[in-house]
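J.: structure of the sequence below:
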Amino acid sequence: MRVALAALLFSAPDLLLLDEPTNYLDLEGAIWLKGFLARYPHTMLIISHDRGLLNRAVRQILHLNEMRLTLYSGGYDSFDRVRREKLALQSAMARKQEAQRAHMQAFVGRFRYKATKARQAQARIKMLEKMEPIAAAIENAMPPIVLPDPEELMPPLMMIEDASVGYAGRAVLSRLSLRIDQDDRIALLGANGEGKSTLAKLIAGRLAPMEGRRSASGKLRIGYFAQHQADELVAAETPLDHIRRLRPDAPPQTLRAMLAGGGTGADIAETQVAKLSDGQKVRLLLTLATLGAPHLLNLDEPTNHLDIESREALVTALNDYRGAVILITHDAHLIELVADRLWLVRGGRVAPYDDDLAAYRRLLLEKDDAASSTSAQPSQRKSQRRDAAEERRALAPLRAEVAACVARLSKIAAMLEKIDTRLADPALYTRPASEIETLQIKRGEILAAQDRAEALWLAAAEAVEAALEAAREA
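T.: As a prediction, the model looks like this:
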């Protein structure tokens with residue numbers, strides 16, 4: 001993946017299309033890629049479920065939902081906040097409209113044929129006919145992941161003492177002295193090739209130590225998940241077939257409940273594995289790995305191919321789980337929310353990393369910056385700083401105009417929300433029709449102002465892009 005990305009990125013295409021670029025990268029590679037893409041000078045279109053990448057490297061989110069595309073400004077966290085606010089507002093407006101409709105229909109039912117109220121009843125009938133229904137907001141809810149809890153064992157679960165491990169008589173890791181208890185949540189840090197997966201296999205019992213000792217509780221059950229295990233699934237069989245092989249005596253409803261606990265719903269329980277998405281295969285593998293309620297979960301890149309909602313479901317499941325977790329992942333969000341200990345795998349050794357993930361990220365970025373700066377001559381660096389300063393001064397008024405446009409749009413959005421809240425209030429429709437008409441006219445004026453403000457914002461943003469492009473060509 002690093003070679004493929006290097007070949008693509010350093011050709012600096014005008015339009016860069018990336019589909020899940022952080023899959024199969026280690027944490028170090030993912031951190032480097034996010035920094036590189038954040039500084040990339042041309043147009044990018046990225047498909048990704050990596051929150052860190054979407055927060056750092058993109059300026060807009062194009063959300064595809066229900067066959068529609070909606071554009072949001074900012075990174076993922078901003079998109080997520082605004083989308084949730086819109087869903088909440090839409091749901092509230094739908095409830096208010098339903099209450100308003102019921103109130104007017106009740107009025108019509110009571111007074112339609114009463115001479116003194118007939119005109120008012122007819123006015124409400126016309127309002128009901130013109131009222132465009134507001135659909136209740138529907139959020140795509142992913143099924144939760146539920147991990148079965150094991151019984152508690154006496155500590156430690158496992159001890160590794162002065163051990164070495166490797167392949168074909170050659171040690172990859174040596175002098176290992178490690179302890180794992182049932183309440184441990186440990187993330188393994190280190191670049192690809194340093195031996196993280198080798199350590200995971202030693203812990204899982206899939207590799208025996210070449211020297212030293214690995215001892216575990218006699219009742220210890222280990223659940224092991226690795227990204228390559230998708231190749232071990234039988235393409236022509238269904239998820240139900242796979243779980244039935246492990247639990248041949250269980251009734252069908254129990255097997256389906258086990259699949260549902262791992263997030264494999266009834267709609268795909270009898271679908272051939274060959275027709276499942278990569279994310280659905282990962283959920284199935286997690287279900288199979290945790291079927292026996294393991295005391296220790298050994299997860300090697302569990303979030304590859306999972307969408308953001310499924311990753312959040314996995315975070316919740318791991319935090320609720322009562323066993324130990326050994327985690328190898330490039331997903332910093334997962335590490336920050338789940339792990340409470342870090343082990344650094346580097347130079348054939350494994351040692352506790354006493355600082356936090358943010359410090360580790362800074363360490364890696366400082367190394368990259370140091371490598372970049374030493375490759376340039378002092379005179380070149382001085383010239384680069386001078387050019388950058390001149391570019392910032394030239395762009396300052398253009399960026400100020402963009403900021404003013406954004407502020408204007410925010411103010412208009414607040415005004416529009418206030419008008420919509422008043423129009424959604426059922427009490428308004430007991431007042432004179434002229435008051436409602438005034439509000440509707442004002443709403444139309446605000447929408448027109450919004451269109452003009454968006455056009456100004458677009459022109460200002462294009463001016464900034466044009467200035468940046470001219471600076472690059474210069």
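
J.: okay, now the unreliable bits of the chain?
T.: 111-112, 114-119, 124, 128, 130-142, 367-395, 468-474 (pLDDT under 70).

J.: tell me the spacing between the residue positioned nearest the centre of it and residue 18.
T.: Most central in the chain under CA atoms, centre = their mean is residue 308, positioned 3.3 Å from the mean C-alpha point. Remark: distance between residue 308 and residue 18 (CB to CB, to the nearest Å) = 16 Å. All C-beta atoms are positioned from the backbone trio N, CA, C, and that covers glycine.

J.: please apply the same query to residue 289.
T.: Counting by CB to CB, the gap from residue 289 to residue 18 is 29 Å.

J.: what's the answer for residue 121, then?
T.: 60 Å.

J.: what's the answer for residue 314, then?
T.: 23 Å.

J.: settle it for me: which of these two has more neighbours?
T.: The neighbour count for residue 314 versus residue 18, taken as other CB atoms under 10 Å, is higher for residue 314 (25 against 18).

J.: how about residue 279, secondary structure?
T.: Classification of residue 279 using DSSP: H, G, I helix; E, B strand; the rest coil returns helix.

J.: same check on residue 80?
T.: helix.

J.: what residues does stretch 224-237 touch?
T.: 24, 197, 200, 204, 206, 241-242, 272-274, 278, 281-282, 284-286, 289, 297-302, 304 (CB atoms under 8 Å, 6 or more residues apart in numbering).

J.: what's the burial count for residue 144?
T.: 16.

J.: typed the wrong thing, it's residue 200
T.: 22.

J.: try residue 400
T.: Neighbours around residue 400, by other CB under 10 Å: 11.

J.: ok, it to residue 459 distance?
T.: For residue 400 relative to residue 459 (CB to CB), the value is 14 Å.

J.: now do residue 45
T.: If you go by CB to CB, the gap between residue 45 and residue 459 works out to 23 Å.

J.: can you check residue 67 too?
T.: 30 Å.

J.: of these two, who's got more company?
T.: More neighbours surround residue 459 than the other of residue 67 and residue 459, with 12 against 5 (other CB under 10 Å).

J.: now do the same for the more buried one: helix, strand or coil?
T.: Here residue 459 is recorded as helix under three-state DSSP.

J.: look up phi and psi at the nearest residue to residue 273 once chain neighbours are set aside.
T.: Distances taken as CB to CB, 6 or more residues apart in numbering place residue 233 nearest to residue 273, at 4.8 Å, with adjacent residues excluded. In terms of degrees, to the nearest 10, the main-chain angles of residue 233 are phi -70, psi 150.

J.: what's the answer for residue 75, then?
T.: phi -80, psi -170.

J.: show me the helices in the stretch 1-150 of the chain, by range?
T.: 2-9, 27-38, 51-56, 76-111, 118-130 (DSSP state H, counting those that start in this stretch).

J.: tabulate these (a markdown table), appending mean neighbour count and distance to residue 339.
T.: Output for the helices of the stretch 1-150 of the chain, formatted as a markdown table (neighbours: other CB atoms under 10 Å; distance: least, CB to CB, whole Å):
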| stretch | mean neighbour count | distance to residue 339 |
| --- | --- | --- |
| helix 2-9 | 12 | 24 |
| helix 27-38 | 20 | 12 |
| helix 51-56 | 20 | 15 |
| helix 76-111 | 15 | 21 |
| helix 118-130 | 13 | 56 |
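
J.: neighbours of residue 161, how many?
T.: 13.

J.: and what of residue 225?
T.: Residues near residue 225, counting by other CB under 10 Å: 20.

J.: which secondary structure state does residue 263 sit in?
T.: With three-state DSSP as the basis, residue 263 sits in coil.

J.: now do the contacts for it.
T.: 142-145, 283, 286-287, 310, 313.

J.: ok, which stretches of this structure are strands?
T.: 15-19, 43-47, 60-65, 68-73, 158-167, 170-180, 185-189, 211-216, 222-226, 296-300, 324-328, 341-346, 349-352 (DSSP state E).

J.: how distant is the shortest one from the center of its chain?
T.: So the one you mean is strand 349-352. 30 Å (CA atoms, centre = their mean, to the nearest Å).

J.: and that strand, which strands flank it?
T.: Within its sheet, and counting by DSSP bridges, strand 349-352 is paired with strand 341-346 (antiparallel).

J.: how about the first one?
T.: With DSSP bridges as the criterion, the sheet partners recorded for strand 15-19 are strand 43-47 (parallel).

J.: what is the neighbour count of residue 183?
T.: 13.

J.: that one reaches residue 321, doesn't it?
T.: No - at 10.7 Å, residue 183 does not count as touching residue 321 under the criterion of CB atoms under 8 Å.

J.: does residue 415 touch residue 445 like I think?
T.: No - assessed by CB under 8 Å, residue 415 is found out of contact with residue 445, at 9.8 Å.

J.: out of these two, which sits in the busier spot?
T.: For residue 415 versus residue 445, the count of surrounding residues by other CB under 10 Å is larger for residue 415: 16 against 11.

J.: and that one, how far is that from residue 446?
T.: Distance from residue 415 to residue 446, by CB to CB: 5 Å.
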